[in-house]
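Q: build me a structure from this.
(2 chains)
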Amino acid sequence: MHKSWKSYNAGDTFDELLAPSTRPRVSARRLVNLLQGLSPEELHSRRAAAELAIRDMGIFFTIYTEGENIDRAWPFDIIPRVIPAQQWDKVSRGLVQRSRALNCFIDDVYNKQKILAEGIVPAELVLDSENYKPQCAGMSPRYGAWAHICGTDLVRDKDGKFYVLEDNLRVPSGVSYLLENREVTKRVLPELFENYSIRPVDDYPSRLYSTLASLSPRDNQRPCIVVLTPGIYNSAYFEHSFLARGMGAQLVEGPDLYVEDDDCVYMLTVDGPQRVDVVYRRIDDEFLDPEVFREDSILGVPGIMRAWRNGNVAIANAPGAGVADDKAIYAYVPAMIRYYLNEQPSLANVKTYLCMHEPDREYVLANLDKLVVKPANESGGYGLMVGPHATKAKRAEFAKLIENNPRNYVAQPTLTLSTAPTCINDDVEPRHLDLRAFILHGKETWVTPGGLTRVAMTKGSLVVNSSQGGGSKDTWIVESST
Amino acid sequence: MILLSRVAERLYWMARYLERAEDTARLVQAYSHLVMDIPADAGPGYEILVQILNAEPSYHDKYRVYNEHNVLKFLIADQDNTGSVTHAIQAARENVRTTRDVLPGEVWEHVNELHLYAQEWAEKSVGRRNRQAFLDEVIARCQMLNGLMITTLCRDHSYRFIKIGKLLERADMTTRVIDVGAGALLGDERLHSSVDPLIWACLLQSLSAMGTYRRTIGPVVEANQMVDFVLREGSLPRSVRFCLNGIRQELAPLSNSAEAIKDLDRARRSLSRFNPEKSTRDELHAFIDKFQAYVMTLSSTIIDTWFSSHRTTIDPEITQ
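A: Prediction:
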């Protein structure tokens, strides 16, 4: 057995695999036994095999630094994270509930605005947000579905309870890596799949296809679905191409599409123009249609909003869906669940202080050393401050930012994110992690079994984003009968 | 199988650039061998290589005199010369990079390796010492890529545009080789006619056609016969006739191909009517001029019919 298993100490965090006395949790017992039985050399060779598989399979992500695009091999830790199916089913139901409420909210905001009129969500918070797109008002997409693909980030605190950290409703990415992680694990730890009953993940592309197909404006034929990418230089291009291939759909760029005088969208093929029914777009609202949003966008399709408004094409996620993707709006999701569904939220939110409210702001400014401060409208882990790890100067800088623009900042208590054993230079050490689950919402609602586990590879760090040096793990939802 | 116009266009240029890299490497390779055989003052000089590629203007932007070092630097390692081996490889790579979804994964891997190899070695291979090994390697790798595509690609529209691009580029290069060979030699009052057969043999070598020529026609290379062979021997994969027949075969199953086929047939007819055995040097040159104009018309018809339905132009650096 590797010595570092004996000295493994996750401190007061919830560890996903090992209970406090470093005994494996029931669901992780076989996994941990196998791993502990590996000599350091064997562990090393499994890691090398994983690296090789990732290179051979061409799993990479692109980062943009110093004006250059670099393709990096996908950072992967071979030790899977295990979640018992019973626990996950509860989480999964909570995610479905959340997705239903969020879609009701978006549909309401662009139509009757009842929730604003009743003061349950402050109207100015929504209507003054740059994520609110007046160009979408009056639209009601099929099934009331706006956020067809949602990536929700979950964390576990000390007590092991799941909390929702944020809902990504614009162009959430990462799902391809969730599938590829499983592929790599199958190659590297094949013996474990004999002893465990692990829920499969690789039907995601076909689920996505069904969800998108259910949105097609033409019911009578096999819909033409395209994935719209900003192009090769986008950091998620790998995923765009992966999903297009997985669905047998065309991977298109803006100039491949155009809108004809009949207000329908066509793509340019060597056999002539071909009508497009559903656009799974992986570009932001702002770049979608230069006739309506940013005029200088060359990534988008002039007239596509016209086609969408006329019901001739479905766009996923629907333009404007980002109105609910805002860390201040997030604080109101439990209220939305009660309001629209008349249910109690089954997944907890993290306590959130909105700096726009004076009492909250005062509390935040007085407790900057204990809180995580986040800009309301950023993603990728940019522009946030983890109070307990920040310098005095950094805290002063954020105090100023908050006072200048209170609407744009929220704060949350610093959670002690759960940990899992992670290979670090051939030793096994605890590292913090989160989980991004994907929810598909069309005619039906479906949640990925598990999600993409992201790991902060630096000791003690809570920042898991791959653009900032984070790694990832395969995530197993295992049936308890095993 | 749907093929986006943009993807078709990039595949077409990928194939053209790959063929250009290989053909230029072959030409330089063959000529480098020839130079060692002929008396120092008897050969046509290095400018013939620049003339073959029709690159005199861009050559003169950078270099004043034609000498071995300048010309070979220009043809092998000059990033600004769109006809250089390294530039062609880089452009091929860019086009694969943006179409890798429709190509077998290994194509990207190999084209990327070829690019890295050229980046590392081109500059060091201008001199005679490394040149041969470098050019051999480039030719071998291009052939491996071609073989990879021939043995793995589904025979659908993607494959068609790759094949059309490759054959069009090759036909173009073959006529250039003949034209300049003719310009330098045919019918001229020359002092060193003893070296002419060597030059013709060299040009045949650059087309990998020497062996077939010997077997079909004989070991002595004679100008008119050689020209006829390279233009019209339908079984020779680098002959112009072979290229045109291959293009026609791939155009036929495409939609809206009537105009392109018309252009192509015009070129084929003029090739059939032309008789190199009875032509003077000037007639040959006039024929090739006319023929190249047909090929250019065909090329722009292909672009207009299948690619340039593009509303916005994409970076010409990448595509052309």
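Q: would you mind naming what in the stretch 101-250 of chain B lies close to chain A?
A: B:Asp101, B:Gly105, B:Trp108, B:His157, B:Phe161 (C-beta under 8 Å from any C-beta of the partner chain). C-beta here means a position set from N, CA and C on the backbone, and glycine is covered the same way.
Q: again, only this time at 7 Å
A: Taking C-beta under 7 Å from any C-beta of the partner chain, the part of the stretch 101-250 of chain B that reaches chain A is made up of B:Asp101, B:Gly105, B:His157.
Q: PyMOL command for the buried members of those residues?
A: Restricted to buried positions by 16 or more other C-beta atoms under 10 Å in any protein chain shown, the PyMOL selection for these reads:
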select buried, chain B and resi 157
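Q: switch the residues of the stretch 101-250 of chain B next to chain A over to CSV; also include secondary structure.
A: Listed next are these as CSV, based on DSSP: H, G, I helix; E, B strand; the rest coil:
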residue, secondary structure
B:Asp101, helix
B:Gly105, helix
B:His157, helix
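Q: neighbouring contacts of stretch A:288-297?
A: Contacts to stretch A:288-297, defined as C-beta atoms under 7 Å, 6 or more residues apart in numbering or on different chains, come from residues A:Gln135, A:Arg281, A:Asp285, A:Glu286, A:Phe287, A:Gly300, A:Val301, A:Pro302, A:Gly303, A:Ile304, A:Met305, A:Pro319.
Q: just name the closest of these to chain B, please.
A: A:Pro302 (8.4 Å; C-beta to the nearest C-beta).
Q: contacts only, for the closest one.
A: The contact partners of A:Pro302, by C-beta under 7 Å, 6+ apart, come to A:Val259, A:Asp289, A:Pro290, A:Glu291.
Q: how about those, which pair is most distant?
A: A:Val259 and A:Pro290 (11.5 Å; C-beta to C-beta).
Q: neighbour-wise, which of those two wins?
A: Taking neighbours as other C-beta atoms under 10 Å in any protein chain shown, A:Val259 and A:Pro290 compare with A:Val259 leading, 23 against 19.
Q: isn't that one right next to A:Trp308, touching?
A: No: contact criterion C-beta atoms under 7 Å: A:Val259 and A:Trp308 do not qualify, at 9.8 Å.
Q: which bits of chain A sit near chain B?
A: Close to chain B, as judged by C-beta under 7 Å from any C-beta, chain A has residues A:58, A:232, A:241, A:244-245, A:250-253, A:255-256, A:258, A:267-272, A:274, A:298.
Q: rerun that using 8 Å as the cut-off
A: So chain A meets chain B at A:58, A:231-232, A:241, A:244-245, A:250-253, A:255-256, A:258, A:267-274, A:298 (C-beta under 8 Å from any C-beta).
Q: return the subset of these lying in strands.
A: A:Gln250, A:Leu251, A:Val252, A:Tyr258, A:Met267, A:Leu268, A:Thr269, A:Gly272, A:Pro273, A:Gln274 (DSSP state E).
Q: among those residues, name the buried ones.
A: A:Gln250, A:Leu251, A:Val252, A:Tyr258, A:Met267, A:Leu268, A:Thr269, A:Pro273.
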